[in-house]
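Chemist: sequence unknown, structure follows:
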């Protein structure tokens, strides 16, 4: 896939995001940050991401690298590689940037981006969210969003396995 529109939203490092981030800041855009694996994009992800995007002007997604997904989810994941996952996310009109990170948490990414709003799923307590203190110290907002019931990548994966074993 070689869409200039999509590829312009994918950043391989925080340093490559520096110029674009400064442009948003200069234009006084409200930057929202969230992160995750986003392995098989489904309605639950879209619901979560659109609600996150509604919290500001610019939605930046920290995307776990393949290596970090495997560490978090096990050696059978990710199902889709980081390039595919980044392109799918960047193709969404409301997503303005996708930044890959290889560390166990997006702490350094959040420290660099200094988002105005930090968003995670409601399965986290606000004080447990990585980067909470960075955003709080600058007077930003930390918020959690409920997940859309019945949608998860693990659930989809399980359904595929069950359906395959029946045939």
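Modeler: Here it is on my side, so go on. If you're wondering where the values come from, they're calculated on a predicted model, not measured in any experiment. Numbering: from 1, shown residues only.
Chemist: low-scoring pLDDT stretches of this protein, where are they?
Modeler: 1-2, 167 (pLDDT under 70).
Chemist: what about the strands in it?
Modeler: 10-11, 31-36, 58-64, 97-101, 117-121, 141-145 (DSSP state E).
Chemist: tell me the contacts of the spatially closest residue to residue 36 that is not a sequence neighbour?
Modeler: Of all residues not flanking residue 36 in the chain, residue 64 sits nearest, at 6.8 Å (C-beta to C-beta, 6 or more residues apart in numbering). C-beta here means a position set from N, CA and C on the backbone, and glycine is covered the same way. Taking C-beta atoms under 8 Å, 6 or more residues apart in numbering as the contact definition, residue 64 lies against 35-37, 72, 82, 100-101.
Chemist: now residue 64, which residues is it bridged with?
Modeler: residue 101 (DSSP bridges).
Chemist: circling back to that earlier point, now, which of the contacts of residue 64 sits nearest residue 153?
Modeler: Checking these against residue 153 with C-beta to C-beta, the nearest one is residue 37 at 7.5 Å.
Chemist: Just the buried residues of the contacts of residue 64.
Modeler: By neighbour count, with 16 or more other C-beta atoms under 10 Å, these hold 35-37, 82, 100-101 as buried.
Chemist: Please identify which of those is nearest to residue 135.
Modeler: residue 35 (12.8 Å).
Chemist: So that closest one is in contact with residue 109, correct?
Modeler: Yes - with contact defined as C-beta atoms under 8 Å, residue 35 and residue 109 form a contacting pair (7.3 Å).
Chemist: Identify the contacts common to the two.
Modeler: Residues touching both residue 35 and residue 109 by C-beta under 8 Å, 6+ apart: 62, 101.
Chemist: if you skip the residues just before and after it, what's nearest to residue 143?
Modeler: Of all residues not flanking residue 143 in the chain, residue 119 sits nearest, at 5.5 Å (C-beta to C-beta, 6+ apart).
Chemist: Can you name the residues that contact the one you found?
Modeler: Residue 119 touches 32-34, 51-52, 55, 143-145, counting by C-beta under 8 Å, 6+ apart.
Chemist: Filter these down to the buried ones and hand me the ChimeraX line.
Modeler: To isolate the buried members of the contacts of residue 119 in ChimeraX, using 16+ other C-beta under 10 Å:
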select :32,33,34,52,55,143,144,145
